[in-house]
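K.L.:
what's the 3D shape of this:
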Amino acid sequence: MNSPSEYGSYAGTPPETAPAGCPVRSAASGGITRLYGPEASVDPHGIYAGLREQYGAVAPVLLEGDVPAWLVLGYRENRRVLDNPRQFTRDSRIWRDWEEGRIESTSPLIQMLGWRPDCVSQDGEPHRRLRGAVTDNLQALAGRGIRRHVTHFANKQIDAFAGSGRADLVAEYAEYLPMLVLTRLFGLGEGEGRRLATSCAQVIKGGEDALHHNDVIMQVLAELAERKRDEPGSDFTTGLMQHQAGLDHEEVLSHLRLVLITAHTTTSNLLARVLQLLLTHSSHLSGLVSGQLNISAVVEEVMWNTPPLAVCPGRFATADLELGGRRIQAGDLLVLGLTAGNLDPEIRPDAGVSIQGNQAHLAFSSGPHECPGQNVGQAIIETAVDVLLHRLPGLRLAAPAEELTSTASTWEARLDRIPVEFVPQAAGV
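P.N.:
Model (predicted):
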């Protein structure tokens with residue numbers, strides 16, 4: 001089989017040799033669309049819309065390093081992939097480009113797509129065993145005073161800027177608060193929080209530094225696991241190590257990494273987006289303050305329109321099949337367009353219509369690999385918003401709403417800043 005870059009089964013195939021159903025190069029664009037780089041970082045929504053118009057529900061794209069993949073844009077197609085692990089496995093060991101040596105072990109994509117001994121990388125019984133350990137311990141955390149921890153760290157963050165009457169709620173609040181809570185839940189020292197938050201963000205962002213930052217995370221977690229063997233506690237790390245599923249050392253470390261990266265990056269991004277919605281829609285903010293609107297309804301709206309992961313990595317076709325009118329071959333990589341699927345005009349012909357009460361969004365993924373930490377993330381966001389609104393009277397946006405820019409990577413689009421003003425407050429008030 002030819003390399004995809006030499007006209008294999010993906011969209012690089014020229015018209016005269018393309019198999020039936022295979023998309024071809026666009027004469028207008030001059031090549032396959034990249035989900036990374038300057039254009040993708042500025043206007044991912046425009047890219048999704050253009051791909052949908054050109055290809056429909058499933059489109060050929062290039063990931064970092066010009067690695068070919070199929071981007072699933074349709075809501076129903078996303079559901080089919082997510083809900084059918086026998087056809088679309090998460091086990092990247094069948095990834096044809098990896099098997100045939102076209103993916104370097106140092107590729108930034110490995111941090112997101114490579115196989116590890118964790119529940120995300122496996123299906124069937126191995127997945128059930130490992131996921132059970134994660135789910136049991138996350139449920140224990142959710143019932144163990146997590147809101148108290150969030151309140152403590154939220155107040156501590158706010159104390160640092162309360163007296164100035166101005167702040168950037170991304171850099172000074174949302175960017176680090178979830179990680180500070182996670183360090184407490186994991187049994188880590190508070191001082192590790194900012195370093196880990198930075199490294200987690202770089203792993204998701206990709207680029208040349210992704211591997212280095214993954215090594216930083218793994219070193220911290222290895223030291224944590226070693227300490228918890230001698231000093232067990234009522235924390236997530238000890239819970240994994242002592243769970244009846246009998247996780248070995250590598251499985252423990254892999255799941256600590258998995259939960260740390262995904263929980264922090266998605267929750268911090270979601271928190272920033274919730275704050276953006278509240279501060280740019282006065283009716284939402286006044287409704288929340290007056291008690292006429294529940295914070296869960298605001299979170300739900302964000303989940304539909306700007307989910308914290310725009311693109312979910314990845315699934316691998318277990319056999320030749322058709323999806324969205326495209327011929328997918330065994331071993332092909334598919335990445336799930338969660339944002340694009342949520343905005344699919346076939347299910348949301350008018351994206352401006354309220355979807356309150358409808359929880360069928362793709363933000364938490366779906367199927368066997370649906371996010372198990374939803375309750376923890378929800379508790380962090382609800383408490384963080386509640387503390388902020390109570391601490392900062394007169395909170396308002398300090399810039400026009402249209403100036404709230406974001407920068408996207410392949411997997412997410414993160415707000416750059418949320419400048420605000422408020423009545424200055426003494427620390428601890």
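K.L.:
neighbours around Pro38, how many?
P.N.:
8 (other CB atoms under 10 Å). Glycine gets a C-beta too; all of them are placed from N, C-alpha and C.
K.L.:
an error on my part: the question was meant for Thr106.
P.N.:
Around Thr106 there are 9 residues (other CB under 10 Å).
K.L.:
where in the stretch 1-150 of the chain is pLDDT low?
P.N.:
By pLDDT under 70, the low-scoring segments of the stretch 1-150 of the chain are 1-30, 143-144.
K.L.:
the stretch 301-429 of the chain too?
P.N.:
428-429.
K.L.:
return the backbone torsion pair for the residue nearest the centre of the chain.
P.N.:
Per CA atoms, centre = their mean, the C-alpha nearest to the average position across the chain is that of Leu309, at 3.3 Å. Torsion angles at Leu309 (phi, psi; degrees, to the nearest 10) stand at phi -110, psi 120.
K.L.:
residues in contact with Leu221?
P.N.:
Taking CB atoms under 8 Å, 6 or more residues apart in numbering, we find Leu221 in contact with Leu253, Leu256, Arg257, Leu260.
K.L.:
before we move on, what about Ile295?
P.N.:
Val274, Leu288, Ile381, Glu382, Val385, Asp386 are the contacts of Ile295 under CB under 8 Å, 6+ apart.
K.L.:
then Gly233?
P.N.:
Gly233 touches Gly187, counting by CB under 8 Å, 6+ apart.
K.L.:
quick check, it in a helix?
P.N.:
No. Under DSSP: H, G, I helix; E, B strand; the rest coil, Gly233 falls outside any helix and is assigned coil.
K.L.:
gap between it and Arg184?
P.N.:
11 Å (CB to CB, to the nearest Å).
K.L.:
with Arg194 instead?
P.N.:
14 Å.
K.L.:
is Pro372 in a helix, a strand, or coil?
P.N.:
Once three-state DSSP is applied, Pro372 turns out coil.
K.L.:
isn't it right up against Val134?
P.N.:
Yes. Pro372 lies in contact with Val134 (CB atoms under 8 Å); the separation is 5.7 Å.
K.L.:
more neighbours: which of these two?
P.N.:
Taking neighbours as other CB under 10 Å, Pro372 and Val134 compare with Val134 leading, 23 against 20.
K.L.:
what sits against the more buried one?
P.N.:
Going by CB under 8 Å, 6+ apart, Val134 touches Cys119, Leu240, His255, Leu258, Val259, Pro372.
K.L.:
can you map out the strands along the protein?
P.N.:
33-34, 58-63, 67-72, 88-89, 166-168, 311-317, 321-323, 326-328, 333-337, 396-397, 406-408, 413-415, 419-421 (DSSP state E).
K.L.:
for the last one, which outside residues touch it?
P.N.:
Okay, so that is strand 419-421. 165-169, 279, 392, 394-399.
K.L.:
could you redo the last one with a cut-off of 6 Å?
P.N.:
By CB atoms under 6 Å, 6 or more residues apart in numbering, the surrounding residues in contact with strand 419-421 are Arg166, Ala167, Asp168, Leu169, Leu395, Arg396, Ala398, Ala399.
K.L.:
columns distance to Ile32 on top of those residues, output as TSV?
P.N.:
Below are these laid out as TSV (distance: CB to CB, whole Å):
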residue	distance to Ile32
Arg166	44
Ala167	42
Asp168	37
Leu169	37
Leu395	45
Arg396	44
Ala398	41
Ala399	36
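K.L.:
burial of Asp416, as a residue count?
P.N.:
Using other CB under 10 Å: Asp416 sits among 13 other residues.
K.L.:
again with the one 3 residues further on
P.N.:
The number of residues packed near Pro419 is 16, by other CB under 10 Å.
K.L.:
circling back to that earlier point, tell me the two of the contacts of Val134 that are most distant?
P.N.:
Leu240 and Pro372 (12.9 Å; CB to CB).
K.L.:
buried ones from the contacts of Val134, can you make that a PyMOL selection?
P.N.:
To isolate the buried subset of these in PyMOL, counting by 16 or more other CB atoms under 10 Å, use the following:
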select buried, resi 119+240+255+258+259+372
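K.L.:
from the contacts of Val134, which is closest to Val423?
P.N.:
Closest to Val423, out of all of the contacts of Val134 and judged by CB to CB, is Val259, at 37.9 Å.
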